[in-house]
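Asker: One predicted model, sequence on top.
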Amino acid sequence: MAELQVKGLAELHKVLQSLPEELEKKVLRNALRAGANEFKKAAQAKVPVKSGALRKSIRVKTSARKGRYRLKATVTAGNAEAFYAHMVEFGTASYYTGSGKSVGAPYEIKPAKSKALAFLGMARDAVVHPGIHPQPFMRPAFDAGSEAAINAFAESVRKRLSKEGAL
């Protein structure tokens, strides 16, 4: 996990306190979005790609609640098309939770009709589902992108405060 030191937070706090609340909220919201976009880029670079739907589903959302410093930015993966984002990130275990020889082993799916799994001229009496191995992309993106996100946040605040004449 990354360890970062951030300097100048007390000075930033003083400058933000001197601004009107709405301007302060806009400055911080834009900065949060800039930082979160760095995480988004890192996640998109690390996500395994087959169709590209999962990569496209990675989004940034910011929200604000009434009052000072009640802002948040969220980076999410998954949508209706890429509903499987959490399965890729964390993997899946074998389905079987009952009793018998398959407990803790790959799950054997047996058909209701004995010849239902006949294909390519071969009859099978069961299909095995071993689960899916995890392929994390969000957590590694967070670990790798922390410094870039903080730098993007700081640069956004610096630009906006210079534009407003607060620096």
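Answerer: In hand now; what should we look at?
Asker: okay, now the domains of this structure?
Answerer: The chain breaks down by automatic domain parsing into domains covering 14-91+134-164, 93-131.
Asker: Tell me which of those sits most buried.
Answerer: Among the domains of the chain, domain 14-91+134-164 has the highest mean neighbour count (mean count of other Cβ atoms under 10 Å), at a mean of 16. For the C-beta atoms, the positions are set from N, CA and C on the backbone; glycine is no exception.
Asker: if we can go back for a sec, any chance of the domains of the chain in TSV, with mean pLDDT too?
Answerer: Listed next are those as TSV, based on pLDDT from 0 to 100:
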stretch	mean pLDDT
domain 14-91+134-164	88
domain 93-131	63
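Asker: can you give me the helices for the chain?
Answerer: For the chain, the helices defined by DSSP state H cover 9-18, 21-46, 53-56, 85-90, 138-164.
Asker: out of the ones you listed, nearest to Leu71?
Answerer: Nearest to Leu71 among the helices of the chain is helix 21-46 (5.4 Å), distances taken as Cβ to Cβ.
Asker: what's the closest of the helices of the chain to Pro130?
Answerer: Nearest to Pro130, of all the helices of the chain, is helix 85-90, at 13.6 Å by Cβ to Cβ.
Asker: Could you list every helix and strand in contact with the closest one?
Answerer: On a contact count with 3 or more Cβ pairs under 8 Å, 6 or more residues apart in numbering; DSSP states H and E, helix 85-90 meets no helix or strand.
Asker: Show residues contacting that helix.
Answerer: With contacts defined as Cβ atoms under 8 Å, 6 or more residues apart in numbering, helix 85-90 is touched by 47-48, 54, 57, 77-78, 132, 134-139.
Asker: How about stretch 35-51?
Answerer: Here stretch 35-51 has contacts from 54-55, 58-60, 62, 73-75, 77, 88, 135, 137-138, 140-142, 144-145, 148-153, 156, using Cβ under 8 Å, 6+ apart.
Asker: Please repeat the previous calculation with a cut-off of 7 Å.
Answerer: Outside of stretch 35-51, the residues within contact range by Cβ atoms under 7 Å, 6 or more residues apart in numbering are 54-55, 58, 60, 73, 75, 77, 88, 135, 137-138, 140-142, 144-145, 148-150, 152-153.
Asker: Kindly report the same for stretch 58-68.
Answerer: Counting by Cβ under 7 Å, 6+ apart, 21, 24-25, 29, 32-33, 36-37, 40, 43-44, 47, 70-77 sit against stretch 58-68.
Asker: same thing but at 6 Å, please
Answerer: With contact meaning Cβ atoms under 6 Å, 6 or more residues apart in numbering, stretch 58-68 is reached by 25, 29, 32-33, 36-37, 40, 43-44, 71-77.
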